[in-house]
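Participant: fold the following and give me the result.
(chains A and B)
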Amino acid sequence: MEKKLYIATAIPYVNGTPHIGNALDYLLGDIWTRYQKQNGHDVRFQVGTDEHGNKIAAKAAELGITPKAYTDSTYVNFENLMKKMMTSYTDFVRTTDDHHVASVQYIWETLKPYIYKGSYQGWYCVGHEAFFTDKEVQATNGICPDHQIPYQQVSEDNYFFKTSAFTDRIKLALTDGTMQILPEFRKLEFLDLIKDGLDDVSVSRPKKNLTWGIPVPGDPEQIMYVWLDALANYITVLGYPDRPEWKEYWPADVQVIGKDILRFHAGIWPAMLLGLGLELPKKLLVHGFVNIGGAKISKTVGNVIDPNVIIDTYGLDAFRYFFSRHIPTLDDGDFTWEKFENAYNNELGNDLGNLIQRVASMILKYQAGVIGETGQAEHDMTAYHAAMDGLEFNKAVDEVWNMVRSLNQYIDNVKPWEVAKGIGKDPEAEPHLAEILSHCAGALVQIGDLLIPFLPATATRIHEIFESGVIKLPEGVLFPKLYIHTPDPHAPKA
RNA sequence: CGCGGGGUGGAGCAGCCCGGUCAGCUCGUGUGGCUCAUAACCACAAGGUCGUAGGUUCAAAUCCUACCCCCGCAACCA
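Facilitator: Predicted coordinates:
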């Protein structure tokens, strides 16, 4: 049985609305999925939501509804964004799904040899009835800002998962490439982080401190903490352990995560898999953060950008274009409205949109729309495919734009409009012109092919215009100019 | 002496591993060309002590040493 492809994305916590980072996960997953499907592969593409935990419970209590009712109302925000982005996912997992809950309990049972009871010690606020991290305690000088009482060192009983037992095997998998982390420097960072070994993690909380979560099998006093619950989604969604089809897809070919959660996905998650006797994911695609004008996105600063607004203003393909090309796939990137609009106007409008327009219009004008023999344009696509394989999607788009640029150059060099003037005088002119224009059309079809993973709607449109042998130019141009955040160069001077 | 990344024309970057053919690309600016096209496209030009100071070498953005500056991370943060 040939293994089918599987890509998974991190599941966001649904106590907020989707942000640009979530959108980036979906976009990268979708680009990969479309690319693989285009190459004839069967791909399963998971997305989902993480719905347990105290923050959800507190929010729900505030609203006077059950936690489940609350997440029922918020997870759709994420689902809506995915749909809006034309994310071609095949599976949507919610950690509150019955099957997930049951599977996680099975996983707990199976991992029992590596689970032991211990005591967790940390800073506790009596008012919150919850633990806080060292960082939070430090930031507040040891006093809870909400209750004006000092945090106390408190210990509580809970279960620990023995990730330490798997340190060596995980290190080996990273070193020998069984589990790749891309980019490479993230792998080095992580290896450095665990050079002294992985620490065991606390995987449950007493019921009094954590109410909303999956019960620990065989211990009614304990509720599972986020780790086993959330990370397990990548296999429970495939049907693990009861639906055998999961075996056709696991191990994941790619898992898309943000740099902030690498340590969990490169540490705890592989440890879980090894404990279950399963293979490790082949690649972890670690993307960076999107900054806004060089600054970190922060709710308190209020510089949060809603992906929905971008899509509503400029269209989905413009959104997909910017975030796949101008936010480096494997590193941090920067968003500003000005950069976005410049990319939209100059690259999508002038470079690509105008190119399509000029070629289509020449064929209409000189040949009544008949394209003729589409000479197979064979541009060297090695660099494009190498970039796709290396999960450097931004470089792949760069390659496409090199093609756009050279086609524009080609047209200026051969001057079809000059050739057209020779028709009627020079017998060679007509076939020569036909040859030139069919070459252009062929090149555009190829560009359309390469854009399928990135700009699905635009790719379809290019194919519609050029593929039938007769130009079918719809009303209106592709990517009409927009001057919302940048000055309109054609505006009359004040 | 915590770990990591980085400092290249106005902006953003590539090149550095494997020293010379490297000072390159995109945007921006200027000039010109063209007219098929979304006042688009194409060509050319101006602009850089390649963070600083030493060193190695016939030769350094590229290797070595020291220093300065910027940015992440520093474990329970999805």
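
Participant: drop to CA atoms for contacts and neighbour counts, all remaining ones
Facilitator: Noted.

Participant: lowest-confidence helix or strand of chain A?
Facilitator: Here the helix or strand of chain A ranked lowest by mean pLDDT, DSSP states H and E is helix A:134-139, holding a mean of 62.

Participant: C-terminal to that one, what's the next element?
Facilitator: Sequence-wise, the next helix or strand downstream of helix A:134-139 (DSSP states H and E) is strand A:152-161.

Participant: tell me the mean pLDDT over that following strand?
Facilitator: Mean per-residue pLDDT for strand A:152-161: 83.

Participant: list the helices and strands that strand packs on?
Facilitator: Packing contacts for strand A:152-161, counted by 3 or more C-alpha pairs under 8 Å, 6 or more residues apart in numbering; DSSP states H and E, involve strand A:115-125, strand A:201-202, strand A:204-206.

Participant: show me what counts as buried in the longest one.
Facilitator: Spelled out, it's strand A:115-125. Under the neighbour-count criterion of 16 or more other C-alpha atoms under 10 Å, strand A:115-125 has A:I115, A:Y120, A:G122, A:W123, A:Y124, A:C125 buried.

Participant: pick the one among those closest to RNA strand B.
Facilitator: Lowest distance from RNA strand B to the buried residues of strand A:115-125 (C-alpha to the nearest atom of the strand) belongs to A:Y120, with 7.5 Å.

Participant: min pLDDT across the buried residues of strand A:115-125, which one?
Facilitator: A:C125 (69).

Participant: so what's the residue count around the residue lying closest to A:V104 once chain neighbours are set aside?
Facilitator: Leaving aside its chain neighbours, A:V104 sits nearest to A:D229 (6.1 Å; criterion: C-alpha to C-alpha, 6 or more residues apart in numbering). Summarising burial for A:D229: neighbours were counted as other C-alpha atoms under 10 Å, giving 26.

Participant: residues contacting the helix or strand hosting A:D229, please?
Facilitator: Per DSSP H and E, A:D229 falls inside helix A:226-231. Contacts to helix A:226-231, defined as C-alpha atoms under 8 Å, 6 or more residues apart in numbering, come from residues A:11, A:50, A:52-53, A:95, A:101, A:104, A:108, A:203, A:214, A:265, A:268-269, A:272.

Participant: of all those, which comes closest to RNA strand B?
Facilitator: Of those, the one sitting nearest to RNA strand B (C-alpha to the nearest atom of the strand) turns out to be A:I11, at 5.3 Å.

Participant: what about that closest one, which SS state?
Facilitator: The three-state assignment at A:I11 reads coil, by DSSP: H, G, I helix; E, B strand; the rest coil.

Participant: ok, it to A:I261 distance?
Facilitator: A:I11 sits 11 Å away from A:I261, going by C-alpha to C-alpha, to the nearest Å.

Participant: who has more neighbours, these two?
Facilitator: Neighbours were counted for A:I11 and for A:I261 using other C-alpha under 10 Å; A:I11 has more, 25 against 11.

Participant: got the contact list for that one?
Facilitator: Counting by C-alpha under 8 Å, 6+ apart, the residues that A:I11 touches are A:V47, A:G48, A:T49, A:D50, A:A230.

Participant: any of the residues you listed buried? List them.
Facilitator: Those of those that meet the buried threshold are A:V47, A:G48, A:T49, A:D50, A:A230, by 16+ other C-alpha under 10 Å.

Participant: which SSE is the first one in?
Facilitator: When you say that, I think you mean A:V47. In the assignment (DSSP H and E), A:V47 maps to strand A:43-49.

Participant: any idea how far that strand is from the chain center?
Facilitator: Distance, stretch centre to chain centre, for strand A:43-49: 11 Å (C-alpha atoms, centre = their mean, to the nearest Å).

Participant: need the next SSE after that strand, C-terminal direction.
Facilitator: helix A:54-63.

Participant: can you list the buried residues in that next one?
Facilitator: Within helix A:54-63, judged by 16+ other C-alpha under 10 Å, the buried ones are A:N54, A:K55, A:I56, A:A57, A:K59, A:A60.

Participant: phi and psi next, for the residue in the stretch 251-400 of chain A positioned nearest to RNA strand B.
Facilitator: RNA strand B sits closest to A:G353 of the stretch 251-400 of chain A, with a gap of 2.5 Å, by C-alpha to the nearest atom of the strand. The phi and psi values for A:G353, taken as degrees, to the nearest 10, are phi -60, psi -50.

Participant: assign the spatially closest residue to it that is not a sequence neighbour to helix, strand or coil.
Facilitator: Excluding its sequence neighbours, the residue lying closest to A:G353 (C-alpha to C-alpha, 6+ apart) is A:L478, at 5.1 Å. Assigned by three-state DSSP, the conformation of A:L478 is coil.

Participant: and the one helix or strand A:D317 maps to, what does it pack against?
Facilitator: A:D317 is part of helix A:316-325 when elements are defined by DSSP H and E. Contacts defined by 3+ C-alpha pairs under 8 Å, 6+ apart place helix A:316-325 against helix A:20-38, helix A:307-314, helix A:393-414, helix A:456-466.

Participant: and those, which is most packed in?
Facilitator: Mean neighbours per residue, mean count of other C-alpha atoms under 10 Å, is largest over the helices and strands packed on helix A:316-325 for helix A:20-38, with a mean of 21.

Participant: contacts for that helix?
Facilitator: A:7-10, A:12, A:42-45, A:47, A:81-82, A:85, A:87-89, A:256-258, A:289-290, A:305-307, A:320, A:323-324, A:329, A:388, A:452-454.

Participant: with stretch A:463-481 instead?
Facilitator: For stretch A:463-481, contacts defined as C-alpha under 8 Å, 6+ apart pick out A:344-345, A:348-349, A:353-354, A:357, A:360, A:363-364, A:369-372, A:441-442, A:444-445, A:448.

Participant: now find how far off-centre that stretch is within its chain.
Facilitator: Chain-centre distance of stretch A:463-481: 29 Å, with C-alpha atoms, centre = their mean.

Participant: report whether it contacts RNA strand B.
Facilitator: Yes - using C-alpha under 7 Å from any atom of the strand, stretch A:463-481 reaches RNA strand B at A:V477, A:L478, A:F479, A:P480, A:K481.

Participant: now, of those residues, which are buried?
Facilitator: Buried members of the residues of stretch A:463-481 next to RNA strand B, scored by 16+ other C-alpha under 10 Å, are A:L478, A:F479, A:K481.

Participant: residue in the stretch 151-300 of chain A nearest to RNA strand B?
Facilitator: A:W227 (3.5 Å).

Participant: and that residue, how many neighbours does it have?
Facilitator: A:W227 has 18 nearby residues by other C-alpha under 10 Å.
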